[in-house]
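Visitor: Task: produce atomic coordinates for the following.
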Amino acid sequence: MTDADAIENPTPDNTPQVSQLRVVIEAPDWEAAVRFYRDTLGLEQLQGYRNKKGAQLVLDVGRATIELVHPDLDDDGALSDPPAPKLRLVFQSEDARSTIATLEAAGAERVDIPEPTADHAISARMLAPDKMPISVFQPLSGPDFAEPPRHDV
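Guide: I've put the predicted structure just below:
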């Protein structure tokens, strides 16, 4: 087996043992970013430090996943404006509408309205105060989103 085969088709004996995903956001407006991500979203601070040149916080989001999206997927929206790296943060919430309202009150800009998606969730895109594209979603059924969305949401 070649190295390329191992990357495309990992087997149990060569599967990487990754234990954490960390997304790093450079935040020029430090205080606003701390208020938004830690205080408004309620992310638990795991560690952090400050020195004369700057600061760093590590915030716990509970569970992280990577969602790979083909660029031709029809999802009716740009990830950011102006186009930048195709990256956005997606947060699951038990009450998407309430979370969206809270984030707006903290300075986030709503890009679209919360609406049911093809995967049976309600979702809305926003721009954080630092212009990081974010989405907030709420599953409308169990973990596999097997039931159709309700139209009264």
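
Visitor: what's the nearest residue to A108 once chain neighbours are set aside in contact with, if anything?
Guide: Excluding its sequence neighbours, the residue lying closest to A108 (C-beta to C-beta, 6 or more residues apart in numbering) is M126, at 4.6 Å. Glycine gets a C-beta too; all of them are placed from N, C-alpha and C. By C-beta atoms under 8 Å, 6 or more residues apart in numbering, the residues touching M126 are 100, 103-104, 108-111, 133-136.

Visitor: next one: F137
Guide: 90-93, 96, 117, 121-124.

Visitor: Any quick ChimeraX command for the buried ones out of these?
Guide: To isolate the buried members of the contacts of F137 in ChimeraX, using 16 or more other C-beta atoms under 10 Å:
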select :91,92,93,96,117,121,122,123,124
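
Visitor: From the contacts of F137, which one has the minimum pLDDT?
Guide: Within the contacts of F137, T117 has the lowest pLDDT, namely 81.

Visitor: can you give me the helices for this protein?
Guide: Along the chain, the segments classed as helices by DSSP state H run 3-8, 30-34, 96-105.

Visitor: ok, and which of the ones you listed has the densest surroundings?
Guide: Ranked by mean neighbour count, the helices of the chain are led by helix 96-105 with a mean of 17 (mean count of other C-beta atoms under 10 Å).

Visitor: Which residues outside that helix are in contact with it?
Guide: Against helix 96-105 from outside (C-beta under 8 Å, 6+ apart): 36, 40-41, 91, 93, 110, 114, 122-124, 126, 128, 134, 136-138.

Visitor: Could you do stretch 39-47 as well?
Guide: Residues contacting stretch 39-47 (C-beta under 8 Å, 6+ apart): 37-38, 57-61, 91, 102-103, 106.

Visitor: would JSON lines of these with distance to W30 be doable?
Guide: Conversion of those to JSON lines gives the following (distance: C-beta to C-beta, whole Å):
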{"residue": "Y37", "distance to W30": "11"}
{"residue": "R38", "distance to W30": "11"}
{"residue": "L57", "distance to W30": "9"}
{"residue": "V58", "distance to W30": "15"}
{"residue": "L59", "distance to W30": "14"}
{"residue": "D60", "distance to W30": "19"}
{"residue": "V61", "distance to W30": "19"}
{"residue": "F91", "distance to W30": "21"}
{"residue": "T102", "distance to W30": "21"}
{"residue": "L103", "distance to W30": "19"}
{"residue": "A106", "distance to W30": "15"}
